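Asker: Sequence first, then the predicted structure, then my questions.
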Amino acid sequence: MNHTAAPDTLPGTRTSGDTLTWLPTTIGRRLRVFAWLSFIAEVLIIGTGGAVRLTGSGLGCSEWPLCTPESLVPILEVQGVHGAIEFGNRVMTGVVGLLALAVLMLTLHVISGRRLVVRAVWFALGGIVAGIAVYVVASALDLPSAALMSAVLLLAVLVGAADSLRQTTQRRDLAVLAWVVLVGVMAQAVVGGFAVISSLNPFIVGFHYTVSLLLVCVTALFLVRLGAEPGPRAAAVPLWFSITAHVTGLALALTIIFGVLTTGSGPHSGDGEILRQGFDASILAHVHSWPGYVLAALVLVLAVSAWALRLPPRRWTLVLILAILVQVGVGVLQARTGLPPVLIGIHMVLAALSAATYTVLVTKLKKPVG
């Protein structure tokens, strides 16, 4: 996912006291590996989250953040395999969060050395202490302690992000994206908790999936920016092509939104006794397909035009065509075979990969100046 190669070493000199010897000072292999792992984990958690929903395991853990009122982990004799599946997805959330944190720490150290890393750690410690204090007080007052503690932790991360970005003078793009992923992962954990507490409200579950998809796009964009040359950028394609590409993005967004609504009205709610949105799923399935066909046509136009004019995004248009065609095929097949869970899960993951591919394509619409 590279643009014009960016220098691995950022401008400015640092003394040994400005850095931590065990962290990198350049955009090298370690940061790229963790960035790829973060992207892969964001894709995988869509798959594990889909497995929770499609196996009817959404309430396998009836509580949040605990699995049961008395236990953090599921009790096999009580929750059975559904509890194990739901708990596995929660563990995956922890993995995603740790990878996002690793990418952030590495990025901050590459940008500014130990200064931003140390400040971020102090904010984290302050947030943890404040969160524990709120949890203790809320528990004593019989208030929703877990929710309040989560809110305090999320607020601490937001304040830490604002402070960090205020002091960032180099590669602000990388810092912003790294912070967005970490904040998004923490917010997603809270949204997941609300999904359980609300007995899998289909709108909350749909929002949960949509945010996960956006995080896949952000991690893909981070990978692109790692290899991109910083500084001003200018158009690399004609105006009409750029407009068509953005209209394609609108069609993609509408397709995904109607897909989420369609799934929210279908049989796979995450639990056999959960009521759905009340919309007619068969009608929504047709409405979902309309922007999908428009999307396929627009991507075809982009691909033909890009290759005819030898435009920079031409290779990524082929990747997007492949992703969209597979998506259309899976969508038609699942509709004609009674919505088997495996195909729906594949459809969900492919939607995220399609959106990530489109994100990379859009970055190719501009090129560095000079």
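Answerer: Perfect, thanks for sending it.

Asker: Now for the nearest residue to residue 187 once chain neighbours are set aside, how many residues are close by?
Answerer: Spatial nearest neighbour of residue 187, excluding adjacent residues (CB to CB, 6 or more residues apart in numbering): residue 154 at 6.2 Å. All C-beta atoms are positioned from the backbone trio N, CA, C, and that covers glycine. Using other CB atoms under 10 Å, residue 154 has 17 other residues around it.

Asker: got a list of what residue 154 touches?
Answerer: Residue 154 makes contact with 183, 186-187, 190, according to CB atoms under 8 Å, 6 or more residues apart in numbering.

Asker: Lowest-confidence entry in these?
Answerer: Lowest pLDDT of the contacts of residue 154: residue 190, 86.

Asker: Check whether residue 223 really touches residue 37, as I assumed.
Answerer: No - in this structure, residue 223 is not within contact of residue 37 by CB atoms under 8 Å, at 10.9 Å.

Asker: Looking at the two, which has the bigger crowd around it?
Answerer: Neighbour count, other CB under 10 Å: between residue 223 and residue 37, residue 223 has more, with 20 against 17.

Asker: While we're on that one, how confident is the model there?
Answerer: 96.

Asker: before we move on, back to that, in TSV, list the contacts of residue 154 along with distance to residue 264 and secondary structure.
Answerer: Output for the contacts of residue 154, formatted as TSV (distance: CB to CB, whole Å; DSSP: H, G, I helix; E, B strand; the rest coil):
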residue	distance to residue 264	secondary structure
183	25	helix
186	24	helix
187	20	helix
190	20	helix
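
Asker: By neighbours, which of these wins?
Answerer: Busiest of the contacts of residue 154 [other CB under 10 Å] is residue 186, holding 20 neighbours.

Asker: for it, what are its contacts?
Answerer: 97, 150, 153-154, 157.

Asker: Kindly recompute the last result at 7 Å.
Answerer: 97, 153-154, 157 (CB atoms under 7 Å, 6 or more residues apart in numbering).

Asker: Tell me the secondary structure of the spatially most central residue of the chain, please.
Answerer: By CA atoms, centre = their mean, the mean C-alpha position of the chain lies nearest to residue 215, the distance being 1.8 Å. Secondary structure state of residue 215, per DSSP: H, G, I helix; E, B strand; the rest coil, is helix.

Asker: Then residue 153?
Answerer: helix.

Asker: thought it was touching residue 125?
Answerer: No - taking CB atoms under 7 Å as the definition, residue 153 is not a contact partner of residue 125, at 11.5 Å.

Asker: okay, those two: which has more neighbours?
Answerer: residue 153 (21 against 11).

Asker: now the strands for this structure?
Answerer: Here the chain has its strands, by DSSP state E, at 233-235, 366-368.

Asker: what residues does the first one touch?
Answerer: Contacts with strand 233-235, where a contact means CB under 7 Å, 6+ apart, come from 242, 365-369.

Asker: Run the chain-centre distance for it.
Answerer: 27 Å (CA atoms, centre = their mean, to the nearest Å).
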